[in-house]
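*Asks:* need a structure here:
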Amino acid sequence: MVLCIIGLLIVILQAAFNNVLTLFLENMDAVRTFINQHKTACILLCIFLLAAQTFSAIIPAGPFQIMAGYAFGTWMGLVWCMVGSMLGSFLVMLFTKKHGLKMIEKRLTEEQKAQMERLRSSDNLMRWLITLYVIPGSPKDFLTYFAGSSDISIPVWMIVSSFGRIPGILLSTLNGSALQKKDTPLLIATIVLTILITLGGQLVYKKFNNKSHNNKP
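*Replies:* The predicted structure is shown next:
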């Protein structure tokens, strides 16, 4: 029953995400005015959206982070995104410590399931997870679910995940801030840098997976 309710909430959140993103892109000046008039409410909304996104593990965080950078600037956007993401990670850890991977197991590919089994049987689980987590473009929300289903303690994982998320969130909020300031050169530079880092991270992540498979940790 609980899982059905959570699943329904995720579907609703996905629809809301699409509508919010469309509204933001079509009415950027009006959105900025609204933010200035209702800053506290917007901060709370930002935290809620990032927490819900992390818990859902299917909705991309990038657009929310870019909107946060647009609304609050690079550094405060980073702060509020981190608060939301860490709150979501904490809830994921609490959920999986009690229910395991029931939330996401149907969405896992066979490759992901095999990787999780290899990690679970590894003598260096924490080292492997930390390495995977800090790679740009790695599925951090899925890894958080896996961490919660393992013997890793909540405080330890919260520290690991906080450092692992900072680089990617910072790039996204920088994009949003450049967009708000209409700083085209900076915007183009950050977008290109984000693409290069993401592509590089994907290559490293794939290579790391192949290595872990060959070594059968």
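*Asks:* pLDDT weak spots in the protein?
*Replies:* Under the criterion pLDDT under 70, the flagged ranges of the chain are 1-29, 136, 208-217.
*Asks:* regarding it, what is its longest helix?
*Replies:* As assigned by DSSP state H, the longest helix anywhere in the chain is helix 184-215.
*Asks:* and that helix, what does it pack onto?
*Replies:* Contacts defined by 3 or more C-beta pairs under 8 Å, 6 or more residues apart in numbering; DSSP states H and E place helix 184-215 against helix 110-120, helix 125-134, helix 154-181. To be clear about C-beta, it is placed using only N, CA and C from the backbone, and glycine gets the same treatment.
*Asks:* so for Thr40, which of these sits nearest?
*Replies:* helix 154-181 (18.8 Å; C-beta to C-beta).
*Asks:* just the buried positions in that closest one, please.
*Replies:* Across helix 154-181, burial judged by 16 or more other C-beta atoms under 10 Å covers 157, 160-161, 164-165, 168-180.
*Asks:* do the same with stretch 95-112
*Replies:* Neighbour counts over stretch 95-112 (16+ other C-beta under 10 Å) mark Phe95, Thr96, Leu101, Met103, Ile104, Leu108, Gln112 as buried.
*Asks:* I figured the fourth one hits Tyr145, correct?
*Replies:* Yes - taking C-beta atoms under 8 Å as the definition, Met103 is a contact partner of Tyr145 at 6.7 Å.
*Asks:* any common contacting residues for those two?
*Replies:* Residues touching both Met103 and Tyr145 (C-beta atoms under 8 Å, 6 or more residues apart in numbering) are Ala57, Thr96.
*Asks:* now Ser122. Its backbone dihedrals?
*Replies:* Phi and psi for Ser122, reported as degrees, to the nearest 10, are phi -80, psi 150.
*Asks:* now it: how far from Ile169?
*Replies:* For Ser122, the distance to Ile169 equals 28 Å [C-beta to C-beta, to the nearest Å].
*Asks:* tell me which element Trp75 is part of?
*Replies:* Assigned by DSSP states H and E, Trp75 falls within helix 74-99.
*Asks:* show me what that helix is packed against.
*Replies:* Looks like helix 74-99 contacts helix 39-56, helix 62-72, helix 140-149, helix 154-181 (3+ C-beta pairs under 8 Å, 6+ apart).
*Asks:* what is the third one packed up against?
*Replies:* Here helix 140-149 touches helix 39-56, helix 74-99, helix 110-120, helix 125-134, helix 154-181, going by 3+ C-beta pairs under 8 Å, 6+ apart.
*Asks:* can I get those in CSV including distance to Gln65?
*Replies:* Compiled in CSV, the helices and strands packed on helix 140-149 are given as follows (distance: least, C-beta to C-beta, whole Å):
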stretch, distance to Gln65
helix 39-56, 8
helix 74-99, 5
helix 110-120, 24
helix 125-134, 17
helix 154-181, 3
